[in-house]
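*Asks:* just need the structure, nothing else, for what follows:
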Amino acid sequence: MFVQEKQGSNVPALGLYAHVPFCSTTCDFCAFYQERPSKKGIESFFRGLESEILRFPGDRPFSTVFVGGGTPGILSADQLERLCGLIRSAGLEKGCEWTIELAPTEVTAEKLRILAENGVNRASIGAQTFDPGMMEALGRGHKVEKTYEAYSLLRESAAFRVNLDLIFGAPGQTLAMWEEDLHKAVELDPEHLSTYCLTFEEDTAMYLRLAEGKVRLEPEREAAFYEKAWALLPARGYPQYEVSNFSKPGMPCLHNLNTWGMNEWIGYGPSASSQYGGFRRKNSASLDLWEKGMRPGAQPAYDEWTPIGFRDLAMDAIIFGLRMNEGISLVDLARRFGVGEGELSEIRRFFAELEDAGMLKSEAGASRLTTEGRMRCDAVAVEMPELQPVRTEKGLPQAG
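*Replies:* So this is what the prediction gives:
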């Protein structure tokens, strides 16, 4: 199981996530917290962010950074400079992986120059599709040409590794259209590709269409889209390392690996989540409530606040680890989280059932889902039995 550590030490990595909530338009499939940008709202965001970073620092330098949204690139060049300065003030490891999400319409040479000068070295572009008709059906606010223009600007700088986000399974999308999207993405030669099956989240325009019967779920059709990407991308130089993620060799997203490995991260900004210091918490999904809660002496506003123990971390490490192509070692996880062998008995029984069903393979101490198993990984997670209660946590190593 992946445990990212600082180079030359055994100190677990610490991730930083910053949520920039501003979007000029709402995509039909998006359920992330967002606000329309305004001068007042942006100033409120920066006040809250500065206060939150001061009030809730990490106990060691951050080894990965991910700036998401919303649309972080909607900020002006000067505002991005300010954002980067606040993030750097939190204390970053030299040369750490620093990703920012960018909408194609918001990419400019001046913004990229400022990001590069501040240490941002990875850009994630929401391409979604290269088909003009599908772009319109998804409610995206940009033309396909803008994706190519943004990518070209990024490639003019040697500072950035690039990820492209692609969506499949949208109403009206054929398998041939999806294959064409994959080919066009590979032709651009990015370092990383993320492929996401369209989900119908509540409170989205796409969910309303589902509720009204205008579109319908088609699990068998979705499976064909998964299989197409899983076969095509590795053959074109992008090995799969997680159910939805592919990269050139040695270029996975370290921030995501840190998160999936149940290490620690701190989230800053409205709706941002943290896993740190024995707790999981989620900031209020309200710019106003979050900012007021970050003022000196105020009580922070959280939508969720939950103690997290070693058993919880171990269970999530198993579930998320099985999404990884490399799989997991129950022995290593037990050692890391202080889980006794007896407490793994139900997990091992479940793994044996999965193996009998052709959904899991165990060899050389590692358990990995097969192609069929990865296709049903969400169901596997739901059916996963719980660990038995840990008798004692005294003296256990700090998980994270």
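
*Asks:* lowest average confidence, helix or strand, in this protein?
*Replies:* Lowest on mean pLDDT, DSSP states H and E among the helices and strands of the chain sits helix 205-211, with a mean of 46.

*Asks:* give me the domain ranges for this structure.
*Replies:* Domain assignment for the chain, taken from automatic domain parsing, gives 14-259, 310-383.

*Asks:* tell me which of those sits nearest to residue 285.
*Replies:* Put simply, out of the domains of the chain the one that sits nearest residue 285 is domain 14-259, at 4.2 Å, with distance taken as CB to CB. In this view, the C-beta of every residue, glycine as well, is placed from N, C-alpha and C.

*Asks:* pull up the distance across the closest one, start to finish.
*Replies:* The straight-line separation of the ends of domain 14-259 (CA to CA, to the nearest Å) is 9 Å.

*Asks:* how distant is it from the center of its chain?
*Replies:* Using CA atoms, centre = their mean, to the nearest Å, the distance from the centre of domain 14-259 to the centre of the chain it belongs to is 9 Å.

*Asks:* the least confident helix or strand of the chain: what's the following helix or strand?
*Replies:* Counting by DSSP states H and E, the next helix or strand C-terminal to helix 205-211 is helix 219-235.

*Asks:* quick one: buried residues of stretch 343-356?
*Replies:* Of the residues in stretch 343-356, those buried by neighbour count under the rule 16 or more other CB atoms under 10 Å are 343, 344, 347, 350, 351, 354.

*Asks:* contacts for it?
*Replies:* With contacts defined as CB atoms under 8 Å, 6 or more residues apart in numbering, stretch 343-356 is touched by 318, 330, 334, 360-362, 367, 369, 373, 380, 383-390.

*Asks:* how about 7 Å then?
*Replies:* Under the contact criterion CB atoms under 7 Å, 6 or more residues apart in numbering, stretch 343-356 has outside partners 318, 330, 334, 360-362, 367, 373, 380, 384-385, 387-388, 390.

*Asks:* surely residue 282 touches residue 303?
*Replies:* Yes. Residue 282 lies in contact with residue 303 (CB atoms under 7 Å); the separation is 4.8 Å.

*Asks:* out of the contacts of stretch 343-356, grab the one that's most surrounded.
*Replies:* Neighbour counts for the contacts of stretch 343-356 (other CB atoms under 10 Å) peak at residue 318, which has 24 neighbours.

*Asks:* the stretch 301-400 of the chain: helices as residue ranges?
*Replies:* Along the stretch 301-400 of the chain, the stretches classed as helices by DSSP state H, counting those that start in this stretch are 310-321, 330-337, 345-356, 371-375, 377-383.

*Asks:* any chance of JSON lines for those, columns mean pLDDT and distance to residue 188?
*Replies:* Shown next, in JSON lines, are the helices of the stretch 301-400 of the chain (pLDDT from 0 to 100; distance: least, CB to CB, whole Å):
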{"stretch": "helix 310-321", "mean pLDDT": "95", "distance to residue 188": "29"}
{"stretch": "helix 330-337", "mean pLDDT": "94", "distance to residue 188": "37"}
{"stretch": "helix 345-356", "mean pLDDT": "95", "distance to residue 188": "37"}
{"stretch": "helix 371-375", "mean pLDDT": "94", "distance to residue 188": "26"}
{"stretch": "helix 377-383", "mean pLDDT": "93", "distance to residue 188": "28"}
